[in-house]
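Engineer: Dropping a prediction and its sequence here:
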Amino acid sequence: MSTTSQATIRPVPEILVHEVQRPSSRKWVDWVLTTDHKKIGIMYIVLTFVFFALGGTEALLIRSQLAVPNNTLISSQTYNELITLHGTTMIFLFVVPIMAGFGNYFVPLMIGARDMAFPRLNALSFWLLAAGGIVFYATLFWHPPDAGWWSYPPLSSIQYSPSGGQDAWIFLIHLTGLSSLVGAVNFYVTIVNMRAPGMSWGRLPLFVWSILIYAILLIIALPVIAAAVTMLLTDRHFGTHWFDPTFHGSPVLWENLFWFFGHPEVYIMILPGFGIISEVLPVFARKPIFGYKAIAASTIVIAFLATLVWAHHLFTAPMPLAVLAFFMLSSFLIGIPTGVKIFNWIGTLWRGSLVMTASMYWALGFIFTFLIGGITGIFLAVFPVDWQLNDTYFVVAHFHYVLMGGAVFTILSGTYYWYPKMTGRLCNERLGKISFWISFIGFNLTFFPQHALGLSGMPRRIYTYQPGLGWSTFNLVSSIGAYILGIGMLLTFWNFLRSYKTGKIAGPDPWKGNTLEWFTQSPPPVNNFDVIPYVRSVEPMKDIRRQIEIDTGVIQKTGGAEQFTRAQ
């Protein structure tokens, strides 16, 4: 294992003749009217990081309230509003759309395309997202929604939530859903029809595979949540009673509709992160990915099973024992393809020449934290155990280990990895590693004690608690950890902002990458590529570098096509 500085990770010789160009100074109108997939991708990433900062601030207020017993920092009403704002922001305004941002920027580059298939629809998808966020956060000026990001009836009914905040939540779901649906169709058409010559399905980058499956899951799941929130809207304002048991409606119907969307949504959020890790690890392990076909196939299997296991979120609802057993076993089954991925990632690292960059730190941190989240998920898939732990802080801990330790860690790994391509400059590696360790320690201090809180009976969604219940110490540690995590995130954002002006010039291929985005200059020109190369393997950049070395005499053929010696 070696720790490599920024100066030694740049390839020699440079493989491209393009000169590095900083983006020219352009008017804001150019960004507003753009249909360039790279600008749209950057706008996605910047906007969603803004929402991430808002959601993180809301989380710190929640943890401040719970730090000590009988705290009166915020009221119960404000607490419920913060819970709703935080959960909705992190899921609908950060994790899902930022994956679309990475997909927008890098899918065309990775498959050798000039742009997305439908550039104007691509721009529309971004502005629908922005409109949804504006509508949702405008409620801060009158009455934010307070029924939770899941909005279970009767909490979301007109009787319990008469303000317009809940209607704004419904509007947000429609706007962000349309944004994701339009984007998903665009991803699907682009990947199926616009791949470079020679890029067969067996040579498709694993990140592109994950975005393809992400798009398919969105197309399957979004109509269901659109129907559910429309039914909720008509219940609230037009006299229907879909979810009102006093008029023969059923709140459990909402739960089934919501979680038929909600459980695939978990994998919509995490599968692109799996794809990012599958790109980062082989580059910094200096080895081919171990089991390319198994990782691609496991992505498809996970997506299929994700649509079948929604009812493990309803184990405490009245269901026959046979149904409970089916969803328990199917939930166990989904752990198999996930385990295949973890096994293959570890196989990729095994005996590799590891280059310990900040991106690699976040990738390794992801494997550790996601593994914990997966193990606790197996506990919750056993329905008698779930009966005891449902709606406790054990579920909160599990959920955050999967999504914060899973999706967010992969997002930050991908940001460090692709930052040079998007900006032309390298992030500060030393600051990146320091911010990782602060964030990693803070994350585990925040959420690991919550397992113990759940096991000792602390329920979710309470805004205060009495002393003497055995919860005070764990809550205080969790709240301190949240502030440490916040400091780590602030350092990370500072690194991104500072490096844009002061970072070292990256060159076109600073990491010796494997995929085609590293074939063009950093940042890429409007047309992406002057020449689109023919793809001969799953690692086209290795083939290009080898051919250039042969052409320049750096290495010489000594026999068959794969036998080379380096020239003395």
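Structural biologist: Looks like it arrived, so ask away.
Engineer: measure stretch 532-551 end to end?
Structural biologist: End-to-end distance of stretch 532-551 (C-alpha to C-alpha, to the nearest Å): 19 Å.
Engineer: pLDDT of it, averaged?
Structural biologist: For stretch 532-551, the mean pLDDT works out to 89.
Engineer: Going by neighbour count, list what's buried in that stretch.
Structural biologist: 532-533, 535, 538-545, 549 (16 or more other C-beta atoms under 10 Å). In this view, the C-beta of every residue, glycine as well, is placed from N, C-alpha and C.
Engineer: Go through stretch 115-126 and flag the buried ones.
Structural biologist: Under 16+ other C-beta under 10 Å, the buried positions of stretch 115-126 are 115-119, 122-126.
Engineer: Would you mind listing the two of the buried residues of stretch 532-551 that lie farthest apart?
Structural biologist: Taking C-beta to C-beta as the measure, the buried residues of stretch 532-551 span a maximum distance of 21.1 Å, between I532 and E549.
Engineer: quick one: which of the buried residues of stretch 532-551 sit in helices?
Structural biologist: 540-545, 549 (DSSP state H).
Engineer: Contacts only, for L412.
Structural biologist: Shown in contact with L412 (C-beta atoms under 8 Å, 6 or more residues apart in numbering): 362, 492.
Engineer: For it, give me the pLDDT.
Structural biologist: Confidence score, pLDDT, at L412: 97.
Engineer: Over to K27?
Structural biologist: pLDDT at K27 comes out at 79.
Engineer: Please tell me how far it sits from G41.
Structural biologist: 19 Å (C-beta to C-beta, to the nearest Å).
Engineer: before we move on, what about F326?
Structural biologist: 41 Å.
Engineer: I'd like to know how far T410 sits from P205.
Structural biologist: T410 sits 15 Å away from P205, going by C-beta to C-beta.
Engineer: Equivalent analysis for M116, please.
Structural biologist: 16 Å.
Engineer: contact partners of stretch 485-500?
Structural biologist: So stretch 485-500 is in contact with 49, 53, 56, 60, 412, 415, 419, 423, 425-428, 431-432, 434-443, 445-446, going by C-beta under 8 Å, 6+ apart.
Engineer: Pull out the buried residues from those residues.
Structural biologist: Buried among these by 16+ other C-beta under 10 Å: 49, 53, 56, 60, 412, 415, 419, 423, 425-428, 431-432, 434-436, 438-440, 442-443, 445-446.
Engineer: Now, these that are in helices?
Structural biologist: Per DSSP H, the subset of the buried ones among the contacts of stretch 485-500 in helices is 49, 53, 56, 60, 412, 415, 419, 423, 431-432, 434-436, 438-440, 442-443, 445-446.
Engineer: ok, P251 touching L155?
Structural biologist: No: taking contacts as C-beta atoms under 8 Å, P251 lies outside contact range of L155: 9.5 Å.
Engineer: Based on its surroundings, how many neighbours for the closest residue to S156 other than its chain neighbours?
Structural biologist: Leaving aside its chain neighbours, S156 sits nearest to A147 (4.0 Å; criterion: C-beta to C-beta, 6 or more residues apart in numbering). Neighbours of A147 under the rule other C-beta atoms under 10 Å: 22.
Engineer: Could you look up the SS state of A147?
Structural biologist: coil (DSSP: H, G, I helix; E, B strand; the rest coil).
Engineer: That one reaches Q166, doesn't it?
Structural biologist: Yes: A147 is in contact with Q166 according to C-beta under 8 Å; the separation is 6.1 Å.
Engineer: Residues in contact with both of those two, list them for me.
Structural biologist: In contact with both A147 and Q166: S156, using C-beta under 8 Å, 6+ apart.
Engineer: ok, L426 - contacts?
Structural biologist: By C-beta under 8 Å, 6+ apart, L426 lies in contact with 6, 419-420, 499, 503-506, 510.
Engineer: Name the residue in K27 and G41 with the higher neighbour count.
Structural biologist: More neighbours surround G41 than the other of K27 and G41, with 26 against 8 (other C-beta under 10 Å).
Engineer: can I assume the more buried one is in contact with G101?
Structural biologist: Yes: counting by C-beta under 8 Å, G41 does reach G101; the two are 5.1 Å apart.
Engineer: Show me the shaky parts of this protein.
Structural biologist: 1-26, 554-568 (pLDDT under 70).
Engineer: what about the nearest residue to F92 once chain neighbours are set aside, which helix or strand?
Structural biologist: Computed as C-beta to C-beta, 6+ apart, the closest residue to F92 that is not its neighbour in sequence is T176, at 4.9 Å. Taking DSSP states H and E as the criterion, T176 maps to helix 165-193.
Engineer: Show me what counts as buried in that helix.
Structural biologist: So for helix 165-193, counting by 16+ other C-beta under 10 Å, buried means 165-188, 190-191.
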